[in-house]
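# Show me the folded form of this:
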Amino acid sequence: MENSTLSILGRLLGAGLVAGGLVLWGGCDTVPAPERTPRGPSVTDLRVTPDSLHESDVQVVDTMAQVEVDVSARVADPDGTVERVAFVFEPSSNPRRTISGTLSAVEPPLYGGTLPLSVPLVDEIYTVRVFAVDDDSLSGNQVTGQFRFVPTDTSEAAGDALRMQLNRRPDDS
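Alright, predicted model coming up:
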């Protein structure tokens, strides 16, 4: 009986060692998966239309010009999905006074929208920045464009001042 018990225990121990060896040997043979390096979305082909407006071309309400600017860009995410495309519209004279929002998917990869804006009646260049965020919460590159608003007074006042200066006699005070 003793031999049969030892024999059974020996077989179980042998089977356990063989199974454990196969597991260990099989585990060493696997190759780790390559690490995925997530990449952010890419924004290209920014269009700002029109790129400038004159006061005579727009409606003025309470010393503010009511303008509409179309902004569009192409956006692609090489390893995922574009979650949102954001824009920032900022005046060069006061970058803290910005307008921001998101552009809608027109026909992916094209995103765009019409921005109804109220701008002061001053000669100003606005910078338009567009960037995208993907499903990995990564942002990619940023593209920039410009929009310029030209009030009526600025060009006429500058021309009048220049004419007065040119036509002035040296003894005029």
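# Show me where this structure has its strands.
42-49, 52-54, 59-61, 64-76, 82-91, 99-107, 110-120, 124-134, 139-150 (DSSP state E).
# Mind listing the strands the last one pairs with, and their directions?
In other words, strand 139-150. Paired with strand 139-150 in the same sheet, following DSSP bridges, are strand 52-54 (parallel), strand 124-134 (antiparallel).
# Using neighbour counts, pick out the buried residues of stretch 119-128.
V119, L121, E124, Y126, T127, V128 (16 or more other Cβ atoms under 10 Å). In short, each C-beta sits where N, CA and C put it, glycine included.
# which residues sit against stretch 82-95?
41, 43, 69, 71, 73, 75-76, 97-103, 105, 108-109, 111, 113, 115, 117, 119, 122, 124-135, 137, 147 (Cβ atoms under 8 Å, 6 or more residues apart in numbering).
# what's the answer for stretch 49-68, then?
Against stretch 49-68 from outside (Cβ under 8 Å, 6+ apart): 69-71, 114-121, 145-152.
# can you tell me the average pLDDT over that stretch?
Here stretch 49-68 scores 96 as its mean pLDDT.
# please renumber so the chain begins at 22
OK, 22 is where the count begins now, so the last one is stretch 70-89.
# follow-up on the earlier one: now, of the contacts of stretch 103-116, which are buried?
Buried, going by 16+ other Cβ under 10 Å: 62, 64, 90, 92, 94, 96, 124, 130, 132, 134, 136, 138, 140, 145, 147-155, 168, out of the contacts of stretch 103-116.
# Can you report how many residues neighbour V171?
Counted with other Cβ atoms under 10 Å, the neighbours of V171 add up to 19.
# Contact partners for it?
S73, L74, H75, E76, D144.
# circling back: dump the strands paired with strand 160-171 to TSV, plus distance to F110.
Below are the strands paired with strand 160-171 laid out as TSV (distance: least, Cβ to Cβ, whole Å):
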stretch	distance to F110
strand 73-75	14
strand 145-155	6
